[in-house]
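# Just a sequence and a predicted model for now, questions to come.
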Amino acid sequence: MKPQNIRVLFLCTGNSCRSQMAEGLLRQIGQGAVEVASAGTEPKLVHPDAIRSMREIGIDISHHRSKGIGEVIGQRFDHVITVCDRAKESCPIFPEASALDHWPFDDPATTKGSPEERKAVFRRVRDEIAERIQRFLDGSK
């Protein structure tokens, strides 16, 4: 069963990789049934490798911009999902959220190594997020 007409917020520290990929993936996979946003506790620019890894699967997040948590405070979200441990620790209260979940993913932006090694990590994390989003939409934790 797919959720209908719900609002989801993905939170991360920089709002540059994981939360941006999650926003784009949920928007695509949810096929309009879910309103989705993302924000960061310390926003940075959207990472070019996140844009590239999403483009590889036909999702364009090049128009996304990193947003600070202050831009979403006061908005109503049904689900607030942190995708990194630091954001979980500093997540503000969203009193109207029916669920606060934590989906920890590796930070691909911190990967060391060759461009191909870094690209592989971005792809892996992207695919892990997509899998977790599908489980969320299917109603399983």
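Now that the structure is in, tell me what you want to look at. Remember, predicted model here, so these are calculated numbers, not experimental data.
# you'd agree residue 137 is in a helix?
Yes - when DSSP: H, G, I helix; E, B strand; the rest coil is applied, residue 137 is found to be in a helix.
# burial measure for it, as a count.
Counted by other Cβ atoms under 10 Å, the residues lying close to residue 137 total 17. The C-beta positions use only the backbone N, C-alpha and C, and glycine is treated the same way.
# Give me the distance between it and residue 36.
Residue 137 sits at a distance of 11 Å from residue 36 (criterion: Cβ to Cβ, to the nearest Å).
# Next: residue 19.
According to Cβ to Cβ, residue 19 stands 10 Å off from residue 36.
# how far away is the residue of the chain positioned farthest from its centre from residue 133?
Largest separation from the mean C-alpha position in the chain: residue 114, at 24.8 Å (Cα atoms, centre = their mean). Computed as Cβ to Cβ, the residue 114 to residue 133 distance reads 29 Å.
# Also residue 34?
Separation of residue 34 from residue 133 (Cβ to Cβ): 9 Å.
# Overlap in contacts, these two.
Jointly contacting residue 34 and residue 133 under the rule Cβ atoms under 8 Å, 6 or more residues apart in numbering are residue 26.
# More neighbours: these two, which one.
In this view residue 34 and residue 133 are compared by other Cβ under 10 Å, and residue 133 has more residues nearby, 24 against 21.
# what sits against the more buried one?
22, 25, 26, 29, 30.
# let's go with 7 Å and repeat that
22, 25, 26, 29 (Cβ atoms under 7 Å, 6 or more residues apart in numbering).
# Residue 114 versus the first one, what's the distance?
To tie it back to what came earlier, the one meant is residue 22. 26 Å.
# Any stretches of the chain with poor pLDDT?
In the prediction, the chain carries residues with pLDDT under 70 at positions 1-4, 86-97, 140-141.
# Not counting sequence-adjacent ones, nearest residue to residue 29?
residue 133 (5.5 Å; Cβ to Cβ, 6 or more residues apart in numbering).
# One more: residue 99?
Nearest to residue 99 is residue 79, by Cβ to Cβ, 6+ apart, at 4.8 Å.
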